[in-house]
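>>> Predicted model follows, preceded by the sequence.
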There are 2 protein chains.
Amino acid sequence: MTDPDVREAIMEATYEALCEHGYTDLTAQDIADRTDKSKSLLFYHYDSKDDLVADLLAYLRERFDEGIKTTRTVAPTTRLAMFIDWYLYGSSGEDERRSFHTALLELRTQAPHNERYREQLQRSDEQLRTTLEGILQDGIDAGEFVDHDTAETAALLLAALDGARTRQLAFNRDEYLSQVRSGVITQVIDDLLADDASFPSEIQQELFGSAPDEASADGESAADENRDEDDAHDDDA
Amino acid sequence: MTDPDVREAIMEATYEALCEHGYTDLTAQDIADRTDKSKSLLFYHYDSKDDLVADLLAYLRERFDEGIKTTRTVAPTTRLAMFIDWYLYGSSGEDERRSFHTALLELRTQAPHNERYREQLQRSDEQLRTTLEGILQDGIDAGEFVDHDTAETAALLLAALDGARTRQLAFNRDEYLSQVRSGVITQVIDDLLADDASFPSEIQQELFGSAPDEASADGESAADENRDEDDAHDDDA
């Protein structure tokens, strides 16, 4: 895979086809149909459907890293709020978020038996924990958070957000998102704030993964601008 | 289904076959092989594999309720510790725990598309939240916990424990269990304890779901006695 534009077109097509068909029913033809390439040209670049989906996970990590870079100047408390709301509510509209994460549940279910997916998902897990630990450490350094075990807090936050999203999707119980968001903020994060620090109360919609020129650094909502963009995929395991 | 003994034998067989084969590869023959019944007699009682698995989820809820009843006289803080350690570590040994919860991940992945599983898993979710809320409310009434929003705390705890277990299984990262256990206790529960209350620090192995005469009410470990019992299945979604 040499041409980045070709890869990007194939990855966008893979993402869209995965959202529409889910993982189990996804075919290479579904992906080819969303590009100007034939299925045989697709298989010139990729060996199999699994190869395409595994590279999608890598691609989404790269996009996430690009999104993260645009938030470097944002206050750590605001960055943490952005992370939480991106994780729970996504940046691509509720239908697409549901479709994508339902497909990710399928991939995750494959992971115990599929070394390749497991390795990709482990890297995504590592990326998310490292990101959270970095935000928390930056907050400690900036005097916004008290000193604490950032690895433990990152694992706790990620587990809670993950459980909320999975239980919302699998059991169709939307209250998990708002209850866990509120619980995480009032029962976990508030205790970590330095005396003169505060945590943004409104939902942060100018989420990680937005295009650089759309990432707002002031903590104000940019929901309308971002919701319809197709370049703001959720990257997660 | 009239004879409880027949149902229990079929349910035990379904549980064992599910642990061994996972959900996707499970066949009615795998279940029949573990009973003294033929496959055709199995289908006299149940319409399909889905029918068997859905009844297993109901059966596990009934077992969980029986286990819960045996802990009514245990102090609420100890009951909460028992719930957390049962959820994270199970009561049936690590291999069986992994096998069963990997199969449950498969069922959960079916839930968005399969109304019957979704309904069963929603009931299990409701049972777990109700149990946690009850423990927290009992603790408030007994002066062990300060007054707080028990529904929010129950959702937060369940999401965090669920995320820890799922991420441990799917990404093969055992640290999730110990980090989230520690984080939940020190960052969530400790703040809810009344001034003179304390939380058991050691892992509680005399878990929910044990046979009544094995449930210990003093908070001491009964791991060795319980680990090999086959009547202590994890019930969860």
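Right, received. Where do you want to start?
>>> C-alpha from now on. contacts and neighbour counts both.
Will do.
>>> Would you tell me which residues of chain A are close to chain B?
Contact residues (C-alpha under 8 Å from any C-alpha of the partner chain) of chain A with chain B: A:102, A:105-106, A:108-109, A:111-112, A:118-119, A:121-122, A:125, A:152-153, A:155-164, A:167, A:169-172, A:176, A:179-180, A:182-184, A:187-188, A:191.
>>> Identify those among those residues that sit within helices.
Judged by DSSP state H, the subset of those located in helices is A:102, A:105-106, A:108-109, A:118-119, A:121-122, A:125, A:152-153, A:155-164, A:167, A:169-171, A:176, A:179-180, A:182-183.
>>> Now, of the residues of chain A next to chain B, which are buried?
Listed as buried from the residues of chain A next to chain B are A:102, A:105-106, A:108-109, A:111-112, A:118, A:121-122, A:125, A:152-153, A:155-164, A:167, A:169-172, A:176, A:179-180, A:182-184, A:187-188; burial here means 16 or more other C-alpha atoms under 10 Å in any protein chain shown.
>>> Name the helix or strand of chain A that has the lowest mean pLDDT.
One helix or strand of chain A scores below all others by mean pLDDT, DSSP states H and E: helix A:223-227, with a mean of 37.
>>> number of nearby residues for A:Leu57?
With neighbours defined by other C-alpha atoms under 10 Å in any protein chain shown, the count for A:Leu57 comes to 22.
>>> Excluding residues flanking it in the chain, which one is nearest it?
Spatial nearest neighbour of A:Leu57, excluding adjacent residues (C-alpha to C-alpha, 6 or more residues apart in numbering or on different chains): A:Gln120 at 6.5 Å.
>>> Make sure the one you found is actually in contact with A:Ala54.
Yes: between A:Gln120 and A:Ala54 a contact is recorded at 6.6 Å, counting by C-alpha atoms under 8 Å.
>>> Name the residue in these two with the higher neighbour count.
Each of A:Gln120 and A:Ala54 has its neighbours counted (other C-alpha under 10 Å); A:Gln120 has more, 21 against 18.
>>> How about the contacts made by the more buried one?
By C-alpha atoms under 8 Å, 6 or more residues apart in numbering or on different chains, the contact list for A:Gln120 reads A:Ala54, A:Leu57, A:Ala58.
>>> With pLDDT and secondary structure added, can I get the residues you listed in JSON lines?
Shown next, in JSON lines, are the contacts of A:Gln120 (pLDDT from 0 to 100; DSSP: H, G, I helix; E, B strand; the rest coil):
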{"residue": "A:Ala54", "pLDDT": "95", "secondary structure": "helix"}
{"residue": "A:Leu57", "pLDDT": "96", "secondary structure": "helix"}
{"residue": "A:Ala58", "pLDDT": "96", "secondary structure": "helix"}
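>>> From chain B, how far out is the residue lying closest to A:Asp190 once chain neighbours are set aside?
Spatial nearest neighbour of A:Asp190, excluding adjacent residues (C-alpha to C-alpha, 6+ apart): A:Phe199 at 7.6 Å. The gap separating A:Phe199 from chain B is 17 Å, by C-alpha to the nearest C-alpha, to the nearest Å.
>>> State the number of residues packed around A:Phe199.
For A:Phe199, the neighbour count with other C-alpha under 10 Å is 17.
>>> If anything else comes up later, I'll come back, but that's it for now.
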